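A.B. asks: no sequence on this one, just coordinates:
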């Protein structure tokens, strides 16, 4: 019997732009119809661009007055914006949990907050800072137990996937100092180690759940992360910024559609020819556009925008599913992206950022 790792390492890219989103599951007929109706209330691209091009913060907020993000006329400060956006995200997640018939899928998406929480807790523990209490309550593991876990080194209290994250992050952090005594440790290695564990965990769960859609989604996410890593490493080298300890080509996550060798070669190509290296992959336009923007503007706005657009395009393909969990998952992710975009635009407007920068990031 072929293992998941064998499948992931040998499967060819047999699609032009996007992989399969799976098949219908008629248990979700009512839930899919409901989420389709709710989706119609999402902000249009035109509205987001109008907000980006608004005269100032107050004008941008005013464009939300007829939407679910509307603020009271009496006060429109940024604290109120944060409250509204947090409430909208919470409502979207609660709706997702209510509509999803398969509890393992709800659990899987809640692990996103588990990993975010453990990343913060490990950073604090390893740098001898207070563990604190400012964690997301939306995960599966209660964050109020972090104090006991780290004070007593009682990692058995954590679920297996978080135990692995703590172990690998701790090891990476202490190894980042290298063999030279007294060399500073690199806290960024904690993030990389935990992100790597999270990516592997999601792939394994998608395989166990026999979800074609989730396997496609998570492999795309790995590819987009690896593409960003290629550009960030190239930029760091071009700007003569010292690489962090342990940063080599092995920082690429495994399990995506792009072969590791192509990613390694990407570190040797110039920005102007990097797109050609990915010409036979679904990511040619993303890499070419992102690399050109980086070369011209010394900014990652271009690649971030291209990655967001590509992933959203895949999620929108779930429109072909008449009934199934895929449209519900897609709605959650697109709604969260909408909320992040609104926050980004309003933050930029509040801080008087150049309109061109805002537009470049979202369009």
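C.D. replies: Yep, that arrived. Please read all numbers here as calculations on a predicted model, not as lab measurements.

A.B. asks: Residue ranges in the stretch 201-350 of the chain under the pLDDT threshold?
C.D. replies: Along the stretch 201-350 of the chain, the parts satisfying pLDDT under 70 run over 238-250.

A.B. asks: make it 80
C.D. replies: Applying pLDDT under 80 to the stretch 201-350 of the chain flags the ranges 237-250.

A.B. asks: where do the strands sit along it?
C.D. replies: Secondary structure of the stretch 201-350 of the chain (DSSP state E, counting those that start in this stretch): no strands located.

A.B. asks: and the closest residue to residue 144 other than its chain neighbours, which of the three is it?
C.D. replies: Of all residues not flanking residue 144 in the chain, residue 133 sits nearest, at 7.0 Å (CB to CB, 6 or more residues apart in numbering). Using the backbone N, CA and C atoms, a C-beta is placed for each residue, glycine as well. What DSSP: H, G, I helix; E, B strand; the rest coil gives for residue 133 is coil.

A.B. asks: Does residue 133 touch residue 143 like I think?
C.D. replies: Yes - look at residue 133 against residue 143 with CB atoms under 8 Å: they come within range, at 7.4 Å.

A.B. asks: who's more crowded, those two?
C.D. replies: residue 143 (22 against 9; other CB atoms under 10 Å).

A.B. asks: Quick check: the gap between the more buried one and residue 70.
C.D. replies: 31 Å (CB to CB, to the nearest Å).

A.B. asks: List the buried residues in stretch 284-291.
C.D. replies: Neighbour-count burial for stretch 284-291 flags 286, 287, 288, 289, 290, 291 (criterion: 16 or more other CB atoms under 10 Å).

A.B. asks: Closest to residue 328 out of those residues?
C.D. replies: Distances from residue 328 to the buried residues of stretch 284-291, taken as CB to CB, are shortest for residue 286 (26.5 Å).

A.B. asks: Skipping its backbone neighbours, what lies nearest the closest one in space?
C.D. replies: Leaving aside its chain neighbours, residue 286 sits nearest to residue 306 (4.3 Å; criterion: CB to CB, 6+ apart).

A.B. asks: Ok, residue 97 next?
C.D. replies: Sequence neighbours aside, residue 106 is the residue nearest to residue 97 in space, at 5.0 Å (criterion: CB to CB, 6+ apart).

A.B. asks: Give the other helices and strands that the helix or strand harbouring residue 171 contacts.
C.D. replies: Per DSSP states H and E: residue 171 is located in helix 160-175. Contact analysis of helix 160-175 by 3 or more CB pairs under 8 Å, 6 or more residues apart in numbering; DSSP states H and E lists helix 103-126, helix 188-208 as its packing neighbours.

A.B. asks: Tell me the spacing between the residue nearest to residue 144 and residue 142.
C.D. replies: Counting by CB to CB, the gap from residue 133 to residue 142 is 11 Å.

A.B. asks: One more: residue 265?
C.D. replies: Look at residue 265 and residue 142: by CB to CB, they are 45 Å apart.

A.B. asks: Give me the more crowded residue out of these two.
C.D. replies: Each of residue 265 and residue 142 has its neighbours counted (other CB under 10 Å); residue 265 has more, 14 against 11.

A.B. asks: so that one touches residue 274, yeah?
C.D. replies: No - Residue 265 is beyond contact range of residue 274, at 9.6 Å (criterion: CB under 8 Å).
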